[in-house]
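Visitor: have a look at this prediction, sequence included:
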Protein chains: 4
Amino acid sequence: MQEIIKTFDLRVDLAVEARDIVRGVADIEIEGVVETIEEMDNNVKIHTITINNQNGAQKIGKPIGTYVTIQSPPLKINDPYVKEEIIKAMAKSMKVLVGQDLSPDQTVLLVGLGNWRATPDSLGPKFIEYSPITRHYHQYAPQALVEGMRPTCGIAPGVLGITGLETFEVIKGIVDSVQPALLIVVDALAAQNVERIGTTIQMSNTGIQPGSGIGNARHAITQEDLGVPVIAIGCPTIVNAAVIADQAVRKFCLDSGAMYDEIRSRNSIQEIVSFYGGSLGVTPKEIDEIIENTARIMAMGVAVSIFPGISEEQLELYAT
Amino acid sequence: MQEIIKTFDLRVDLAVEARDIVRGVADIEIEGVVETIEEMDNNVKIHTITINNQNGAQKIGKPIGTYVTIQSPPLKINDPYVKEEIIKAMAKSMKVLVGQDLSPDQTVLLVGLGNWRATPDSLGPKFIEYSPITRHYHQYAPQALVEGMRPTCGIAPGVLGITGLETFEVIKGIVDSVQPALLIVVDALAAQNVERIGTTIQMSNTGIQPGSGIGNARHAITQEDLGVPVIAIGCPTIVNAAVIADQAVRKFCLDSGAMYDEIRSRNSIQEIVSFYGGSLGVTPKEIDEIIENTARIMAMGVAVSIFPGISEEQLELYAT
Amino acid sequence: MQEIIKTFDLRVDLAVEARDIVRGVADIEIEGVVETIEEMDNNVKIHTITINNQNGAQKIGKPIGTYVTIQSPPLKINDPYVKEEIIKAMAKSMKVLVGQDLSPDQTVLLVGLGNWRATPDSLGPKFIEYSPITRHYHQYAPQALVEGMRPTCGIAPGVLGITGLETFEVIKGIVDSVQPALLIVVDALAAQNVERIGTTIQMSNTGIQPGSGIGNARHAITQEDLGVPVIAIGCPTIVNAAVIADQAVRKFCLDSGAMYDEIRSRNSIQEIVSFYGGSLGVTPKEIDEIIENTARIMAMGVAVSIFPGISEEQLELYAT
Amino acid sequence: MQEIIKTFDLRVDLAVEARDIVRGVADIEIEGVVETIEEMDNNVKIHTITINNQNGAQKIGKPIGTYVTIQSPPLKINDPYVKEEIIKAMAKSMKVLVGQDLSPDQTVLLVGLGNWRATPDSLGPKFIEYSPITRHYHQYAPQALVEGMRPTCGIAPGVLGITGLETFEVIKGIVDSVQPALLIVVDALAAQNVERIGTTIQMSNTGIQPGSGIGNARHAITQEDLGVPVIAIGCPTIVNAAVIADQAVRKFCLDSGAMYDEIRSRNSIQEIVSFYGGSLGVTPKEIDEIIENTARIMAMGVAVSIFPGISEEQLELYAT
């Protein structure tokens, strides 16, 4: 199964989708992988997948660690109650992922990956825009801070194609200089399923692997490489057109009794989507609005968890 | 054939694609439809389809009139020679479509349809941004004009979903007030084929029909309704995801010997793309850049044709 | 006093400033002009100037009608309580200015004047962006409306310099086609005093006079010309550099005992600010943020008054 | 003279203005300061000030080094011949400032200082947008490069107020990782004279001092601190309102025979401009367009000098 995905050069960014592909219809358990699902109010669900050993890691195709998937009804509906529930779910999940309490003087560095000039890839930079940034107040205007606010700083380093710099090169220098206690990296993801666009948030404590995210990091952004814990947060904003086409072929075969053949399907699709280097993304027409809403919610979900005890209203005043 | 397209609620914006669908593999001639192809330098082609009678109109599914399709190698390559050739081809085609010489004091009204907040739909508004606008100089600063510059004005009326106004309502009022000799309307189109994104420009003298363009005009923008000749110019910026999926199914059946069945394919696809109301567009990752380049070239192609004898360098100075 | 202002070709957009200039230090009453000041919570004040006859109109230099000025502490402080108080004050003032109850099926047309590409002039277009637009739902999706929501539509017609169209030409056509019961026009203003930038909102029932607003309308936008009541709403976003320079000269003379001379001050300043045609605006560095905040508050202040009984939270969902 | 400027807390970013202030009307020579003026075509001038020793540095208030000021007629006129002349003048000046030939495999790092959300401060980020970036091609697609193209990379690090990071912290990390042979830093400047906005480009080999530029760097960006030669390039985009007001007072006194008094003028102005922390910038209405034009010209001026032998047309294709 991984095979065909590799052939299309398609990443499976979401652990929950990688798991679906592996477990398949049979839905067999995978040794070394533990799952829990928590239902919250307003149809929000927290699906946690913990990969405990190398067997689990190999099967799922993701490193050992915890992957939290928050699923909600479409955010585009813009329902304030759903928003609050997602923010709560994010804060709750952050606690699990970080695993330790940070003291109020420890710095958190926020990084928004992706290309601000390509709408579906601009989630990370938008996240930074809506996040409270306070580190400069600590040095130059401490009186402007609410009691107990930790230092936060944030950067959107851009992508290799517009800076000529590997994302890792930019982040590494800042980490060395700022020495944060925690790094939170936000990125747009590709999903296998259109329904996940703007409705699924994945959070993990494993960092970002090379080739993940739309921006295609070429160097891992992990605790191992940076010397600081890394929480990676992502939300799908596109589905690769080849994935949708393959699903259509598969479904047609199932419905019509024809024999599905991976290699043939792959080759047929290849010819159709090969133009523009095959990097054809499927997005809903409302993608600009989805990115906007999702970035705001994610910024607030992260903010309430790294600034415990400070109200959303107050936190908004520190967004840049 | 039209059937299946209607079922997906998919428009065929390009006359050249409608013609391909109708003529099919057999490539039979259609009575009432005349075609010519002119090869220009740098791999630029002008394909002209003239629909002469009701039979042709019905078969192709487009009103009587002339449809010029300018095809080029990918504009994203940003080749200045290709650009110049496209501009030349546009100016040449405009002459054919307008059919009469305008006197230098006659006003041309430019309209850029589409939603400036949704990247693939922002081609029309961008076109206006790069077009020379001169009408106000005629009244307030005639000395700032190059000799022989006619009055031009331009507006991007937005889309119903963000203004609450039908595009026609906005344009009609301006036409009545300005009384232009010619109306040029630019819009983003949907294609059946990914290769057409950013590489095909369609120009016609039939105006815009309801339901055409990504912005989905609900009222015709035609000479009949406005009392002034209308040249419609468009460029594909998306392909509907359902179209790509259907092509994949079709190709797979052909390759694997399975029996393609329209209804089944349609139904299978429906389930996969139904989320987000089925309005799932496929665009290349470079869409922002493609829109930018295409809008500039189209603006210049139109400008050199409505300001004969004035250099591109001079015209650029009047872009707003 | 008006003299010198005319010489600099400076408009006095705010009635409250025109009144200050006329009444001067002596603070004498003006026949035909009635004033009231209402103090609200959170330091928000409503200052109402009613010009009742031609004497008052001539003295103040503004047409007969009612001018409400809402003054608040700096909005940039972003205080949610102040925001709510301003929204309340706007709704209250709208009632006074409109003077009649509109029935829930009557349409309101919102117009955002100004140039979206020049930050200090982009208040009107931003206002439209944050206003609830509902007219299209009435025709195409009435089920998506909250009970009692009237039809609203909105347009930012741009400025003469980028469209080649007089603002009036665009609005007139739309008014004729839509036939709204009320027209609300929002524009950025120039003030005499830096402290008014982002802290003062003027609302009047006299429409927009030629030459008012940064965008410099050349044709009146009034009930007389359009056949529909016009509420004009503005907020200062710049002070002309010449005004500040003249104030400095005046203050220096007062402080140092030198004799202030209008003509001389005017001439001295002329030489310094003549570059760039004298159109030198003074704005605070935070102008982008001020515009953003002010546009949102004004949109909500207008929305709660034209959609009585519908909550702010619900109204936000209809912003485009 | 420096006194009053310090009192207003106003920087004199341009060496040529600092020199004017010091030399004054008497226009006496300053020991340790050498000046040359070269007249080029199209009214473009290159004014070079070389500060040779501590006496010169102290008098001018700038570090020892070379300051090239390129003065042109207003760029806003958008004259292509003037543009070409400025580009030529920049390339010529770069040669003088860099002083050594870089080999074609040496990397140049471009840094655009300033805040992309505040128009007058967005010159640096815009510069990066229009600069050719090639470093990634060297590693991933060398065949896409024109023969002889060196590696370039570019970043706009944002300002302390939106990232919580000192500019120096971001740049230092990148310099350490990339190890460029040359660093070119572009920033928006404040001038004493409105006529310099968009018409003056300053280039120096002394780096950026703390407190220079609109963005107000707090840490020097110099060869001394970074271990790599730094060329600083700037263009005035604002004049502080207090400077204009003081000039008006001064001119008025001169014209009317009143006694100008620095302290009094300063105090009078203080009261008028104190709102918004006194950070009131004077900009022409056309500032957005001026920034756009200037950024493009500066990007090309730098590009032709760091990519010798490669045409402007080709270089444009590598802009991001």
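Guide: That came through, no problem.

Visitor: list the residues that contact the spatially most central residue of chain A.
Guide: The residue lying closest to the centre of chain A (C-alpha atoms, centre = their mean) is residue A:234, at 1.0 Å. Contact analysis of residue A:234 by C-beta atoms under 8 Å, 6 or more residues apart in numbering or on different chains lists A:13, A:123, A:186-189, A:201-202, A:212-213. Backbone N, C-alpha and C define where each C-beta goes, glycine included.

Visitor: 6 Å instead, please
Guide: By C-beta atoms under 6 Å, 6 or more residues apart in numbering or on different chains, the contact set of residue A:234 is A:187, A:189, A:202.

Visitor: which of the residues you listed are close to chain D?
Guide: For chain D, no contacts are drawn from those by C-beta under 6 Å from any C-beta of the partner chain.

Visitor: from the residues you listed, which is closest to chain D?
Guide: residue A:187 (18.1 Å; C-beta to the nearest C-beta).

Visitor: quick one: secondary structure of the closest one?
Guide: At residue A:187 the chain is in strand, as set by DSSP: H, G, I helix; E, B strand; the rest coil.

Visitor: try residue A:115
Guide: Per three-state DSSP, residue A:115 ends up coil.

Visitor: cool, and residue A:47?
Guide: strand.

Visitor: who does the closest residue to it other than its chain neighbours bridge with?
Guide: Nearest non-adjacent residue to residue A:47, counting by C-beta to C-beta, 6 or more residues apart in numbering or on different chains: residue A:69, 4.3 Å away. Beta-bridge partners for residue A:69, by DSSP bridges, are residue A:47, residue A:202.

Visitor: check contacts around residue A:69.
Guide: A:16, A:47, A:202.

Visitor: and with 7 Å instead?
Guide: By C-beta atoms under 7 Å, 6 or more residues apart in numbering or on different chains, the contact set of residue A:69 is A:14-16, A:47, A:200, A:202.

Visitor: equivalent analysis for residue A:74, please.
Guide: Residue A:74 neighbours (C-beta under 7 Å, 6+ apart): A:198-199.

Visitor: show me where chain A has its helices.
Guide: With DSSP state H as the criterion, chain A has helices at A:2-7, A:15-23, A:54-60, A:80-98, A:123-130, A:135-140, A:160-163, A:167-178, A:223-226, A:241-256, A:262-273, A:287-306, A:312-316.

Visitor: show me what counts as buried in the second one.
Guide: By that I understand helix A:15-23. A:15-19, A:22-23 (16 or more other C-beta atoms under 10 Å in any protein chain shown).

Visitor: adding pLDDT and distance to residue D:101, write those out as CSV.
Guide: Output for the buried residues of helix A:15-23, formatted as CSV (pLDDT from 0 to 100; distance: C-beta to C-beta, whole Å):
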residue, pLDDT, distance to residue D:101
A:15, 89, 53
A:16, 89, 56
A:17, 89, 54
A:18, 86, 53
A:19, 84, 58
A:22, 76, 58
A:23, 72, 62
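
Visitor: so which of those comes closest to chain C?
Guide: Distances from chain C to the buried residues of helix A:15-23, taken by C-beta to the nearest C-beta, are shortest for residue A:16, at 29.3 Å.

Visitor: how much space between the residue of the stretch 201-320 of chain A found nearest chain D and residue A:177?
Guide: Per C-beta to the nearest C-beta, residue A:320 is where the stretch 201-320 of chain A lies closest to chain D, at 3.9 Å. As judged by C-beta to C-beta, to the nearest Å, residue A:320 and residue A:177 stand 19 Å apart.

Visitor: sounds good, over and out.
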